[in-house]
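Engineer: Fold the following and give me the result.
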Amino acid sequence: MKSILIIILSGILGTSGMSLVMWLITRSGLANADMVRAVGSIYTRSYNNALLPGVIMHFTAGIIFAFLYVAFLSIFSLSSVGSYIGIGAMIGVFHGLVVSFLLVVLVAEHHPLEQFQKAGSEVAVAHMVGHIIYGLIVGAVIGIAGVRFLQLQ
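Structural biologist: Residues are numbered from 1 along each chain as shown. Next comes the predicted model:
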């Protein structure tokens, strides 16, 4: 049970770090990386009331993906926190590539709000960076706690 709670915590912390980075990118004007409102507004079809549904969906996905990251991390015989962080970041690169591709090719084209219909390379890079941060944090938490998928109890 303790391992499950640590994995959930890693997902919450990873999603928080990713959300902060995406918010900073959006605030800086580098890209429209407001992923939380973009996800929420797919369902609400409105920017104004998209924050709460977006937060719920984003953190739920972050917790689910933490379990997938731990399953993948458990394949390796990692012996240091640094190796967990490194592999977590590499998983984040792959995860970010997939999400960026799907975002640019599928989601933006069909998004109900015009402000999220244009997702160019800067948006893809922002999502890539966010997912790398997510992987770093999940890897760090799992590495520090020493959680392995096969040790869930």
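Engineer: Got the phi and psi for Ile132?
Structural biologist: Per-residue torsions, Ile132: phi -70, psi -40 (degrees, to the nearest 10).
Engineer: One more: Met57?
Structural biologist: When read as degrees, to the nearest 10, the backbone of Met57 gives phi -70, psi -40.
Engineer: element containing the nearest residue to it once chain neighbours are set aside?
Structural biologist: Closest residue in space to Met57, ignoring its immediate chain neighbours: Val39 at 5.2 Å, by C-beta to C-beta, 6 or more residues apart in numbering. Yep, even glycine has a C-beta here, placed from its N, CA and C like the rest. Using DSSP states H and E, Val39 falls within helix 35-44.
Engineer: residues in contact with that helix?
Structural biologist: Residues from elsewhere that reach helix 35-44 (C-beta atoms under 8 Å, 6 or more residues apart in numbering): 19, 22, 47, 49-55, 57-58, 107, 111-113, 116, 127, 130.
Engineer: tell me the secondary structure for Ile25?
Structural biologist: Here Ile25 is helix, with the state taken from DSSP: H, G, I helix; E, B strand; the rest coil.
Engineer: That one contacts Ala126, doesn't it?
Structural biologist: Yes - contact status for Ile25 versus Ala126: in contact at 4.6 Å, counting by C-beta atoms under 8 Å.
Engineer: Give me the secondary structure label for Pro112.
Structural biologist: Looking at Pro112 with three-state DSSP, the answer is coil.
Engineer: ok, back up a step: what residues of the helix holding Val39 count as buried?
Structural biologist: In terms of neighbour count (16 or more other C-beta atoms under 10 Å), helix 35-44 has its buried residues at Met35, Val36, Arg37, Ala38, Val39, Gly40, Ser41, Ile42, Thr44.
Engineer: Run the chain-centre distance for it.
Structural biologist: Chain-centre distance of helix 35-44: 15 Å, with C-alpha atoms, centre = their mean, to the nearest Å.
Engineer: Report the mean confidence score over that helix.
Structural biologist: The average pLDDT within helix 35-44 is 84.
Engineer: hey, C-alpha coordinates of that helix in PDB?
Structural biologist: Output in PDB follows, covering the C-alpha atoms of helix 35-44 (Å, rounded to 0.1, in the frame of the first residue of the first chain):
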ATOM      1  CA  MET A  35      -2.300  22.500 -21.400                       C
ATOM      2  CA  VAL A  36      -4.600  22.400 -18.400                       C
ATOM      3  CA  ARG A  37      -7.100  24.800 -19.900                       C
ATOM      4  CA  ALA A  38      -6.700  23.300 -23.400                       C
ATOM      5  CA  VAL A  39      -7.600  19.900 -22.000                       C
ATOM      6  CA  GLY A  40     -10.500  21.200 -19.900                       C
ATOM      7  CA  SER A  41     -11.900  23.300 -22.700                       C
ATOM      8  CA  ILE A  42     -12.200  20.200 -24.900                       C
ATOM      9  CA  TYR A  43     -15.000  19.200 -22.600                       C
ATOM     10  CA  THR A  44     -16.400  22.500 -21.500                       C
END
